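Colleague: Give me coordinates for this.
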Amino acid sequence: MKTLLIACSVAFISPALAQDAPPVPKMFKGMQGQKGQWQMEMLEGGGRAKGMTMSICTDNLMKPPAAKDAPKAESKCKHKLLKDTADEAVMESVCPERKSTITMKRESAKSMLMTMQSTGARGEQNMKMRYTHLGPCREGQGTVTLDKDSEQCKKLRERAAKMDPAKQCARQKSDREACEQRVRDSAAQLSAMCG
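Modeller: Coordinates of the predicted model:
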């Protein structure tokens, strides 16, 4: 889902996401808390996501994986800080399938503008977003939350309502119960994004 892809761009706000994560820019040292709830406004690009506003709880992004013994995925991406000042950072990420340049500029102690330019198999993509720190995450808040009255939430609720575990798992020969549980979990996650 494109929404989740966009939300993951907030990973650059979260300094402790993964061992292969890019270095934390100096500009974050003066910002009001890296953890907590951030509002992301899609200003340019992003296709149908343009104009969308969502909240992202970075606390959830920074939680350690549930399974301690799970193998860590190795990243084939290389990250490099091209510019690192108190008010601006430029990072380059080179992966086998794409190359991205992310520019972040501080607007205030609580907000920043981020532009992302990437090239890859799907061509060139450009996005511009504003991130504003809102404070701590709410109890039980999901990683990504959309405005409950938005068009995106209306579509997500319709999609979740159409998810029928029995129908979607009808052809499942083994582990049908697990399949149905995954479908129920997916529907619950879609609904939670608009809670």
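Colleague: and the closest residue to Asp147 other than its chain neighbours, what does it touch?
Modeller: Nearest residue to Asp147, sequence neighbours excluded (CB to CB, 6 or more residues apart in numbering): Thr53, at 6.1 Å. All C-beta atoms are positioned from the backbone trio N, CA, C, and that covers glycine. By CB atoms under 8 Å, 6 or more residues apart in numbering, the contact set of Thr53 is 39-42, 146-147, 150.
Colleague: Mind checking which of those residues land in strands?
Modeller: Mapping the contacts of Thr53 onto strands (DSSP state E) picks out 39-42, 146.
Colleague: most neighbours, which of the residues you listed?
Modeller: In terms of neighbours by other CB atoms under 10 Å, the ones in strands among the contacts of Thr53 top out with Met40 at 22 neighbours.
Colleague: I figured that one hits Met129, correct?
Modeller: Yes: taking CB atoms under 8 Å as the definition, Met40 is a contact partner of Met129 at 5.5 Å.
Colleague: Just the element for Cys153, please.
Modeller: Taking DSSP states H and E as the definition, Cys153 sits inside helix 151-162.
Colleague: got the contact list for that helix?
Modeller: Helix 151-162 has contacts (CB under 8 Å, 6+ apart) with 3, 52, 146-147, 187-188, 190-191, 193-194.
Colleague: same thing but at 7 Å, please
Modeller: With CB atoms under 7 Å, 6 or more residues apart in numbering as the test, helix 151-162 has contacts from 3, 52, 146-147, 187, 190-191, 193-194.
Colleague: before we move on, back to that, would you format the ones in strands among the contacts of Thr53 as a markdown table with distance to Lys167 and pLDDT included?
Modeller: Below are the ones in strands among the contacts of Thr53 laid out as a markdown table (distance: CB to CB, whole Å; pLDDT from 0 to 100):
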| residue | distance to Lys167 | pLDDT |
| --- | --- | --- |
| Gln39 | 37 | 87 |
| Met40 | 34 | 87 |
| Glu41 | 37 | 87 |
| Met42 | 34 | 85 |
| Leu146 | 26 | 79 |
